[in-house]
Structures are given as C-alpha cells and as structure tokens.
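> Fold the following and give me the result.
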Amino acid sequence: MTKKYFKARMKFSPFILLCSTGLFAIFSSTISKSPVLPLFSAFLGADPSGVGVIASISAFTGVIVSIPAGILSDRFGRKRMLLFSVFVFSTAPFLYLMVTNLWQLAIIRFYHGFATAIFIPVAMATISDLFDKERGEKMGWFSSSTLIGRFMAPIAGGSIIGFLAFNPEISYKSVYMLCGMAGMVALALTLKIPALKETEYKKQRWVETVKGFRTVISNKGILLTSAVEAAILFAYGTFETFLPLYSIRVGLSAYEIGVFLSAQVITLALTKPMMGRFSDRHGRKPQIFVGAIIGAVCIGSFPLFRSSIPLLALSILFGLSLSIVTSATSALVADLSRRENRGSAMGVLGSIMDIGHTTGPLFSGIIATYSGYSQAFMSVSVVLVIVALIFQSFKFSKSL
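Predicted structure coming up:
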C-alpha cells in the first residue's frame, strides 16, 4: 500500500513535467553563454568583433529553425520534437570540452542553438493544446519556470569561474560539465512526459502541412501580434545591452547595474502567471497595447535620470511591461491559430521574436555611436509606440 501510495503521489502532470524541463533546459542554455561564452571566446583568441559573432550564432539558429520546428511538430507530434530538442540540450555541452579553436566553437554554438529554437515554440504549442480557458496563466507559469533557470545560470556559472580563476581552462570546462548535467536532467524529465494524446493528432500529408503554414503566415492578426512581441524584445535587447553602459557613464557602480537587471528579471518572473490570468479573464488585445505603451515610456525615460533609485524603479516597471505584453502575445497567437497548425504559429512567433531581440542592440548601437545613448533609447521608444498603435488599430475577426 505504501509503495503504491508513494508511486501515485510521485506522478506529475505533463504540465508540471514540462515546466520542470523548461527550468533545467533554459538553465543549461543560459549557463552555456552567460558569462562564460565571451570569456571562453577571448581565451581562444577572439577579438571583440569575434566575440560578438560567436555570441550571435545561436540567435541566428533560432531565427531560421523556429518555424521549421513548429511545422514539424504539427506534422510529427510535439513529443518527438521535444525529445529532439532535449537530446541537443544533453549532448551539445559536452562537445565544448573538446574545443581548441574558434571555428569549432562556432559550429558547436550553431548546433546548440537548435535546442532552444525547437524547445520554446514546441513547448508553448504543447501548453496551448493542453489548456484552453487557462491558456494565458499556464503559459505564464511555464515562462516563469524558464526565467528561474535563466536567473540562476549566470550566478552558478560566474561562481564556478570565480572559484577556479587560477585555471581558466578548467573553470570553463567545469561550467560546461554543469551545463551538460542540466541538459541530461531535462532529457530525463522529458522522457517521463506521457504521449500528450498524440493519437488525437490527425496524420497530415505534406500538402496539408504546407497549406496550414500558409494559413498562419497570411493571418495578419498572428503577424501583428508577433510584431508587438518582437518590438518589446527589440526594446529589451536595448535595455540589457545599453543600460549598463549608460549607467557606467553617469557614474553608477557595477553592483547597482546588477541590481537593475536582476530586479527586471525578478519582476518578470513573479508577475507573468498573474498577467496571463488577467488576459484570460479580461482580453488579450487591450493588455498587449497598454503593456507596450508602458514599455515605450520606460525605455524612453531612462536617459532622463542619472541616479540609482529612479533607474531601479524604471527597470522594475519595464520588467512589468514585458510581463504584461509577453504573457498575452503567446496566448493570443494560440487563440488565433488552429490546433493542427499551432506549432507553425508558435514557430512564426519565435522566429519574429528572435529577429526583434537580435536587431534591437544592433539598431541602438548604431544610433548610440552617432547620436548618443539618449537618442538610442528614444528611437527604440518611438519604434515600440508605432508598432503598438498599428496593432491597436487592427480589427481582429473576433473579440479578444
């Protein structure tokens, strides 16, 4: 009786297993790059531009792989694609141990980029399949679990590198060993996820899969919603890249910068489920518009202040705006798509989102180089307002 009782108690729902997988998978992904990747690249002889190229490779993988991953999950089922992604999570980190030059590192970063590029859109599509009325809240909980991993990884990686500072090569390899172990935990958790009712998936012919994808990319509601998410991540990329540089310029310390960035992440993680539940009950579209406007006001206001308290308050408010927008955009894309092409829809969202996140720092960097940080923050704010207004003016086919 006792054994059966405990066995029954130890059975976790697919949602809990998916959130747990997300925590370890994103921990593994994040610790592979923050803060070790630029240090490892420089150790191998990369100059600053080479470090930037190495850092952008996995994001490039995300742009080109997310859509095919979503399409294939519609065609072959979510579980198979999740297993493929965690296979990459659990194998790629150990390849870093054999790296001796930058070309090898670049190839491994490209391969490692498949993991997150597949996992996130397919996991979001899976949650959309599992839940209807509570979709926004459940997506919020999943995102919060991944944010915990994203928050813990730099602390763990930085601690290892600091503890083994007497031998950088060993410190980097130790980080990638931990990265690999987290990936293996993600693999073990995914193997425990049940079949996700995949028998309900109607076997699609390729012509049906292609037709479903065309339906997704011709849906203006999905594209505009994805554009808003890309715009807020465009602003986020600027925030995480240039707020530290701006803060140093106005005389703030590295410790204060760390507090700003941490406060933003914690705010995002703590409020996402609540914001998702709010969108379930009160509609997604108004929430997305309001969140985007709040984000635009925040990002445009950073250069108006030079002391830590107002910048901390703005960082927290910016994290809240990210939570308000992104907790509703994924759910809205799921609402606007059909179950049989939901993977494709999430892939489109993921790909457009990556484009916004990647181009934000590039755009802001060019503006900052020629006109200064104030103009860079203001330009990003204007872009976000314009995209939000276009989104708000669009008439959706149903009340959302």
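
> Report the buried residues of stretch 93-104.
Residues of stretch 93-104 classed as buried: 93-96, 99, 102 (neighbour count, 16 or more other C-beta atoms under 10 Å). (Each C-beta comes from the backbone N, C-alpha and C, glycine too.)

> quick check, distance from that stretch to the centre of its chain.
On the basis of C-alpha atoms, centre = their mean, to the nearest Å, stretch 93-104 sits 25 Å off its chain's mean C-alpha point.

> Now do the phi/psi pair for the nearest residue to residue 345 once chain neighbours are set aside.
Sequence neighbours aside, residue 337 is the residue nearest to residue 345 in space, at 3.7 Å (criterion: C-beta to C-beta, 6 or more residues apart in numbering). Per-residue torsions, residue 337: phi -110, psi 160 (degrees, to the nearest 10).

> What degree of burial does residue 337 show, as a neighbour count?
26 (other C-beta atoms under 10 Å).

> residues in contact with it?
Each residue near residue 337 by C-beta atoms under 8 Å, 6 or more residues apart in numbering is listed here: 216, 219, 222, 344-345.

> Wait, residue 224 touches residue 396, no?
No. Between residue 224 and residue 396 there is no contact under C-beta atoms under 8 Å: 9.1 Å.

> So between the two, which is more surrounded?
Higher neighbour count among residue 224 and residue 396: residue 224, with 19 against 16, using other C-beta under 10 Å.

> Give the helix, strand or coil label for that one.
Recorded secondary structure, residue 224: helix (DSSP: H, G, I helix; E, B strand; the rest coil).

> From residue 284, how far off is residue 184?
Using C-beta to C-beta, to the nearest Å, residue 184 is found at 37 Å from residue 284.

> quick one, which of these two is more surrounded?
Neighbours were counted for residue 184 and for residue 284 using other C-beta under 10 Å; residue 284 has more, 26 against 17.

> any chance you could read off phi and psi for the more buried one?
The phi/psi pair for residue 284 (degrees, to the nearest 10) is phi -90, psi -40.

> who's in contact with it?
136, 328-329, 331-332, 335, 400.

> who wins for neighbours among the residues you listed?
residue 328 (33 neighbours).

> My read is that it contacts residue 289, right?
No. Contact criterion C-beta under 8 Å: residue 328 and residue 289 do not qualify, at 9.7 Å.

> how about residue 292, what does it touch?
228, 231-232, 321, 325, 384-385, 387-388, 391 are the contacts of residue 292 under C-beta under 8 Å, 6+ apart.

> oh sorry, the question was meant for residue 33
Residue 33 neighbours (C-beta under 8 Å, 6+ apart): 55, 58.

> any idea which helix or strand carries it?
Remark: residue 33 resides in no helix or strand, with elements defined by DSSP states H and E.

> so where is the stretch 201-350 of the chain shaky, pLDDT-wise?
201-204 (pLDDT under 70).

> and residue 8, what pLDDT?
pLDDT, the model's per-residue confidence, is 54 for residue 8.

> who wins for neighbours among the contacts of residue 292?
residue 232 (31 neighbours).

> The nearest residue to that residue once chain neighbours are set aside: what's it in contact with?
In space, and not counting its chain neighbours, residue 232 is closest to residue 325: 4.8 Å by C-beta to C-beta, 6+ apart. The contact partners of residue 325, by C-beta under 8 Å, 6+ apart, come to 228-229, 232, 287-288, 291-292, 295.

> Equivalent analysis for residue 264, please.
So residue 264 contacts 239, 315-316, 318-319, 322 (C-beta under 8 Å, 6+ apart).

> Now the element after the one helix or strand residue 327 maps to, going C-ward?
For residue 327, the host element (DSSP H and E) is helix 308-336. Helices and strands here follow DSSP H and E; after helix 308-336, the next one along the chain is helix 342-371.
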